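> here is my input; please provide its structure:
(one chain, ligands or ions: 1)
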Amino acid sequence: MRSWSIPVGRLFGVDVRIHLTFLILPIFIFWTEYAAHQGNVNGTRDLALAGIILACVAAHECGHMFVARRFGMIPKAVILLPLTGVTLYDEPPAEKPQPAPLLWKREIRVAVVGPLVNLALASLAAAVITATGRGIELWKTPFLQPANLPRSLVWANLYLALLNLMPAYPLDGGRIQRAIFSRTLDTSAATRRAVSISNAIAMVLMLAGLFSDSWLTMVGVIVFSAAQLEERALVFQSVLDNVRLEEVMLTDFATLSPADTLEDALEKAVHSLQDDFPVVRGSDMVGVISKQRILDALRAEGNGYVQAVMNKIFEVSFRQESLGSAFRKLTSRNSSIIPVVEDQRLVGIVTLQNVMHSIALLAESRKLRRDESEP
Ligand SMILES: [Zn+2]
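The predicted structure is shown next:
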């Protein structure tokens, strides 16, 4: 998801990114204006309208973040989409998981505040416009129009509040719905049910838009793609949590000895598919080394011993550990191999290459199994 967004700065210590779908918005406004006014359009005003919508979405997300902070969640980055935003939170410490009843109440409170911010902004803008009495007719259609930016400000906020309350996950209304489902279902089943309702709503919107207002089609497309993104993240997460290392670790692997010369090590590496090797003395694990490290050392200092260039600080895992835990160890240490040990004996290895590969395969096979079990 991150790769589809571009960083635009920081706000209250949170990285702000704009999703590429946001670039569709000015084009879409320009195109509807072009069609409505036979080619007579004002590009600056079109951009200003897109800017207003962006600012309203940003204000909406700020609302979510402030409340989330009060519940001890740490917002790390926010991605703005044309209709909604997605806030990524730092992982809460795994040692103290929240009890479920608190979680669903928290989810509802965090969700509700976004639309409330937009309602407040709409009322404020309407009040200011009425007070200044410039003769801006708030109730005249089209409500969203580059030619009338003050009126658009009021209606953009009203639309954002109403649209986000639709029970279409991952919009706020859908999150509230999922929180209610999660009182009786586990998180993944609750999300799955919320996503299927959301897909149905997206379909109806896309179809309805074809016969009436094309804005509806656009909303449908955004809801649909956002739901797909969330569901994929969920499958990924459930694979990480439920798969044990013994199910995916490599048991047939090559090892090196600290007494091997770098040239010998390279020779062995060439004949193996592995990129990373455990270094073993007798039955003891003494280090890890990568093919790249061997090459770099050979280039820089000529031939030497594995002992001198191997990485002596490394994490080990156990058979029963979850894939997620190994994945966190790999990424936090910036390493690419984790030895799996049992009674201090090396029984397998897990490499970044092999983890990514297994996740993709397992996610696919789980999806297949689920599609079969669901009629
Ligand atoms: Zn929201």
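> residue contacts, the single nearest residue of the chain relative to the ion?
The nearest approach of the chain to the ion comes at Gly114, 3.1 Å away (C-beta to the ion). Bear in mind the C-beta positions are built from the backbone N, C-alpha and C, glycine included. Going by C-beta atoms under 8 Å, 6 or more residues apart in numbering, Gly114 touches His60, Glu61, Gly63, His64, Asn164, Asp172.
> of those residues - the most surrounded one?
Asp172 (27 neighbours; other C-beta atoms under 10 Å).
> pretty sure that one sits against Val112.
Yes - counting by C-beta atoms under 8 Å, Val112 is a contact partner of Asp172 at 7.0 Å.
> neighbouring contacts of stretch 205-215?
Thr32, Leu144, Leu216, Thr217, Met218, Val219, Gly220, Val221, Val223, Phe224.
> give me the nearest residue to the fifth one, chain neighbours excluded.
Here the nearest residue to Met218 in space, its sequence neighbours aside, is Phe28; by C-beta to C-beta, 6 or more residues apart in numbering that works out to 6.1 Å.
> following the chain past the helix or strand hosting that neighbour, name the next helix or strand.
Assigned by DSSP states H and E, Phe28 belongs to helix 24-36. The C-terminal neighbour of helix 24-36 among helices and strands, as given by DSSP H and E, is helix 43-70.
> quick one: that next one to helix 24-36, angle?
140 degrees (axes from the mean of the first three to the mean of the last three C-alpha atoms, to 10 degrees).
> quick check: buried residues in whichever helix or strand comes after helix 43-70?
The helix or strand immediately downstream of helix 43-70 is strand 75-80, counting by DSSP H and E. Of the residues in strand 75-80, Pro75, Ala77, Val78, Ile79, Leu80 count as buried by neighbour count, 16 or more other C-beta atoms under 10 Å.
> which residues does the second one contact?
With C-beta under 8 Å, 6+ apart as the criterion, the residues that contact Ala77 are Arg2, Val14, Asp15, Val16, Arg17, Thr87, Leu88.
> in TSV: those residues, plus distance to the ion, secondary structure and pLDDT.
Compiled in TSV, the contacts of Ala77 are given as follows (distance: C-beta to the ion, whole Å; DSSP: H, G, I helix; E, B strand; the rest coil; pLDDT from 0 to 100):
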residue	distance to the ion	secondary structure	pLDDT
Arg2	19	helix	46
Val14	15	strand	87
Asp15	18	strand	87
Val16	15	strand	89
Arg17	16	strand	86
Thr87	9	strand	79
Leu88	14	strand	75
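> which of these sits closest to Arg134?
Val16 (32.4 Å; C-beta to C-beta).
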